[in-house]
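Enquirer: Requesting a structural model of the entry that follows:
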Amino acid sequence: MLDSLLSILITGAMISALYALIAIGFTMIFGVGGVLNLAHGALIMAGAYVFVILNRDVIWESVALPRLVVFPVAVGVIGLASYGLYAGLVRYIEDDPVITFLATVVVATMTTEIALGIFGDQPYAYTVVSGQVGIAGTSVSYNDLAGFVLSWIAIGLLWYYITQTDGGRSILAASMSERGAQLTGVDLHSVRTRTWLIAGGLAGLAGIFLGGDQAATPLMWLNPLALAFIIVVIGGIGSIKGSIIAAYLIGYTETLTVSMLGQSFRGILSLIILLVVLFLLPQGLYGREYVHE
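Expert: Down below sits the predicted model:
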């Protein structure tokens, strides 16, 4: 009984950290620009495949890049891809939420089709870090442990940036009131650009470790994006703290459900929690009213 409980606690902590990364990026974009970015899921998938591609012999057949180089490069590529999506498309249509939503759906679908055409629908298994370690009697892969540690490093750095720097506080101000932020001299274009860049980097980081844990497939982003939406609604749209707490709530709920009821019931309790929160706390645990005039 104790071993099972420890296994649930450890496994839930590992996957919840990645869910938090995904949800934070998703909620930041919505909080700052009011954009429901469905292409965020495609960036998760792209992170896994960029890591796969860079790990191949991309220069000469006998030369492969070291993983210490591949990892930050892959995260940076996805961050730049997210920035490119905003600068090349979203910034021109973001005033119309419906058109923007549909455009991100098209981008996500197109990216998936491209991945299917290049890689096919077969899973590509890989590990970021090989090996396993025992923690409190539970076997944990180095891949999951590295994902947990790096996720929290990224969350900590983001928290410091948002709360302790002028650039980060401008993002927070824009998420609360665009008009108020403008009146205090905040450059909204710069804020949105940085937000999309950060959100893309977080998505890429999560995608690399999700692919290492579950294998990379063109449709691997569907479940994480759906969970991110649930987490963001529960935590409160635009709230980083709410996304972290809700990510752990959903991560542990999923882990407990799979352990007790099986894989086929994985998302049932999460949906029940979502319905309860929508009924009792429509703005979520830490939601705020946002003004985007």
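Enquirer: CA only for contacts and neighbour counts going forward, please
Expert: OK.
Enquirer: ranges for the helices of the stretch 1-150 of the chain?
Expert: Using DSSP state H, counting those that start in this stretch, the helices of the stretch 1-150 of the chain run over 2-33, 39-55, 67-85, 91-93, 97-119, 142-164.
Enquirer: The helix or strand in which S190 is found relative to helix 67-85, how many degrees between them?
Expert: Counting by DSSP states H and E, the element that carries S190 is helix 188-214. Using axes from the mean of the first three to the mean of the last three CA atoms, to 10 degrees, the inter-axis angle of helix 188-214 relative to helix 67-85 is 140 degrees.
Enquirer: If you average the pLDDT over helix 188-214, what comes out?
Expert: The predicted model assigns helix 188-214 a mean pLDDT of 92.
Enquirer: And it, what does it pack against?
Expert: helix 2-33, helix 39-55, helix 67-85, helix 142-164, helix 166-176, helix 178-183 (3 or more CA pairs under 8 Å, 6 or more residues apart in numbering; DSSP states H and E).
Enquirer: let's go with 6 Å and repeat that
Expert: Using 3 or more CA pairs under 6 Å, 6 or more residues apart in numbering; DSSP states H and E, the elements in contact with helix 188-214 are helix 2-33, helix 39-55, helix 67-85.
Enquirer: still on that earlier bit, closest one to T257 among the helices of the stretch 1-150 of the chain?
Expert: Proximity to T257 (CA to CA) singles out helix 2-33 among those, at 10.0 Å.
Enquirer: how far is that closest one from where the chain is centred?
Expert: Relative to the centre of its chain, helix 2-33 is centred 9 Å away, using CA atoms, centre = their mean, to the nearest Å.
Enquirer: Make CSV out of the helices and strands packed on helix 188-214 and add mean neighbour count, distance to V277 and mean pLDDT.
Expert: Formatted as CSV, the helices and strands packed on helix 188-214 follow (neighbours: other CA atoms under 10 Å; distance: least, CA to CA, whole Å; pLDDT from 0 to 100):
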stretch, mean neighbour count, distance to V277, mean pLDDT
helix 2-33, 23, 17, 86
helix 39-55, 25, 24, 92
helix 67-85, 19, 30, 92
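Enquirer: before we move on, back to that, please render the helices of the stretch 1-150 of the chain as CSV that adds distance to I240 to the earlier fields.
Expert: Listed next are these as CSV, based on distance: least, CA to CA, whole Å:
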stretch, distance to I240
helix 2-33, 6
helix 39-55, 16
helix 67-85, 19
helix 91-93, 23
helix 97-119, 22
helix 142-164, 8
